[in-house]
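Visitor: everything below, folded, please.
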Amino acid sequence: MDKINILLWYRSSKLGESGNNIIEFEKKVVEYIEKDINNSGGIGGLPVDIDFVDIPHIAAGHDEKAMEFYKNVVNSKNYSIIRAPGAFGGVAKVKKEYLKEMTSGTSIIFSTELAHSLLNLQENNIISMDSNIFTDADIPFAYRAKINRELLEKSGRTIFVANFSTGSNYWDEEEDLKKDGVFLFDIDKELHKDNKKLQADITNFFDSINVSKSDIVYLGGVPLSLIQSVIKCIQNHNHLIRIYRKPALDEAHLDYQQIHHPITLIEDANFDIYLSMESMIETIGIDLSIKEKQMCNQRFSQFEIPLIVKKVTDRDKIIFDSQEDMVKKVVNSINQTNGKNDIYMGISRDYALVKIKTSLSQELLLSFLCQHKISQIP
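Guide: Sure thing, here's the model as predicted:
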């Protein structure tokens, strides 16, 4: 073995019109990181080769063709470091089954959305980058909906509005979800281009279950071209109904200035990562708009993956002997804690990009934190 192969991926089909500029930037980020690692000794003494692959995710949610494409890529090369499948792999329990299948002694799998509830992560060479209930795909939707109702002080039910695929597990669980106060309304991405049809269907459905201002609407995966219409139709039915949503990872940007009905946004962007991303934008020398930066910030944590491995191999002086040996030592090193140079998975995703931050960015952050602390002193 003469190099460390690394697999990262993106989905150009989910980026909308802004995709080309973002992908150009991210490809340059990959080139920069690969060159930076190799110029400083590689990983374990071997150079790295990072593949950044476009996954053709077309169907809503689980896309069998996209998943098959991903599997073929994974099996096409001897990858030592792999980013786990994303939304195209389907709901958490489906992706986790595949995750179990793909584990091996010769590769490390980094997962940002589905792994941490699996047993024996360390034994299976899986690194979970999950954080909490809001990013944990294994927590049942009904429970997450309940927590959000409590946070938003709503005593009623959750109306889950989304473009559900025909094979979605939500349909299998529909009756159980109703018992837990969750009702599904399906958006048809073709039929509901007709605003009259959309308004009539929303009105009839909401009336049939007596939706009121004590209820809340969760706006899930809906084509961007229809989101404003969906929100407007809900507002037309009852302008007192609260709407909330959480942008999906890699989702094309929604310009909230165009939303004429106030909605609540659940945002889990990492602003440590944002500072690193801004520094990288400056280093590479590319212009990105505000909305492009917002989209990049959702996706930027995956570029930490090769840097995390580089960081621990340098820190713990891990030298490549065999693929199995290196994988096991890296996994053990990432999970090791000594109170000094620990890597906190799920608390901050800013693990290894810290050296790329500009001193100006750090000073600005420090200044903000100090001012905030002073303002809290009575």
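Visitor: ok, which stretches of the stretch 151-300 of the chain are helices?
Guide: In the stretch 151-300 of the chain, the helices defined using DSSP state H, counting those that start in this stretch lie at 169-172, 174-179, 195-208, 224-237, 271-284, 290-299.
Visitor: distance of the spatially closest residue to residue 245 that is not a sequence neighbour from residue 207?
Guide: Once flanking residues are discounted, residue 245 sits nearest to residue 219: 4.0 Å by Cβ to Cβ, 6 or more residues apart in numbering. Where you see a C-beta, it was placed from the backbone N, CA and C, and this is true even at glycine. The span separating residue 219 from residue 207 equals 19 Å under the rule Cβ to Cβ, to the nearest Å.
Visitor: just for this protein, where's the confidence low?
Guide: 16-18, 60-61, 90-93, 112-119, 130-138, 247-260, 267-274, 337-378 (pLDDT under 70).
Visitor: in the stretch 51-200 of the chain, which spans are strands?
Guide: 79-83, 108-111, 126-128, 158-162, 182-186 (DSSP state E, counting those that start in this stretch).
Visitor: reformat the ones you listed as TSV; add distance to residue 29 and mean neighbour count.
Guide: Compiled in TSV, those are given as follows (distance: least, Cβ to Cβ, whole Å; neighbours: other Cβ atoms under 10 Å):
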stretch	distance to residue 29	mean neighbour count
strand 79-83	14	23
strand 108-111	16	24
strand 126-128	20	23
strand 158-162	31	23
strand 182-186	38	20
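Visitor: how about the ones you listed in CSV, adding distance to residue 334?
Guide: Converted to CSV, the strands of the stretch 51-200 of the chain look like this (distance: least, Cβ to Cβ, whole Å):
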stretch, distance to residue 334
strand 79-83, 12
strand 108-111, 8
strand 126-128, 6
strand 158-162, 35
strand 182-186, 37
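Visitor: wait, which of the ones you listed is closest to residue 171?
Guide: strand 182-186 (7.5 Å; Cβ to Cβ).
Visitor: list the neighbouring strands of that closest one plus their orientation.
Guide: strand 158-162 (parallel) (DSSP bridges).
Visitor: ok, residues contacting the partner strand?
Guide: The contact list for strand 158-162, computed with Cβ atoms under 8 Å, 6 or more residues apart in numbering, reads 141, 145-146, 148-149, 170, 177, 181-187, 206, 209, 211, 215-222, 230, 234.
Visitor: ok so, going back, so which of the strands of the stretch 51-200 of the chain gets nearest residue 94?
Guide: Per Cβ to Cβ, nearest to residue 94 of those: strand 108-111, 13.7 Å.
Visitor: hang on, the earlier thing: ok, residue 219 and residue 207, which is more surrounded?
Guide: residue 219 (20 against 10; other Cβ atoms under 10 Å).
Visitor: hang on, the more buried one packs against residue 241?
Guide: No. The pair residue 219 / residue 241 is not scored as a contact, 11.2 Å apart, by Cβ atoms under 8 Å.
Visitor: helices of the stretch 1-150 of the chain, start to end?
Guide: For the stretch 1-150 of the chain, applying DSSP H, counting those that start in this stretch gives helices covering 19-39, 64-75, 92-102, 141-151.
Visitor: mind checking which of those is nearest residue 194?
Guide: With Cβ to Cβ, the closest approach to residue 194 among the helices of the stretch 1-150 of the chain belongs to helix 19-39: 27.5 Å.
Visitor: buried stuff in the closest one?
Guide: Buried positions in helix 19-39, judged by neighbour count with 16 or more other Cβ atoms under 10 Å: 19, 21, 22, 25, 26, 28, 29, 30, 33, 34, 37, 38.
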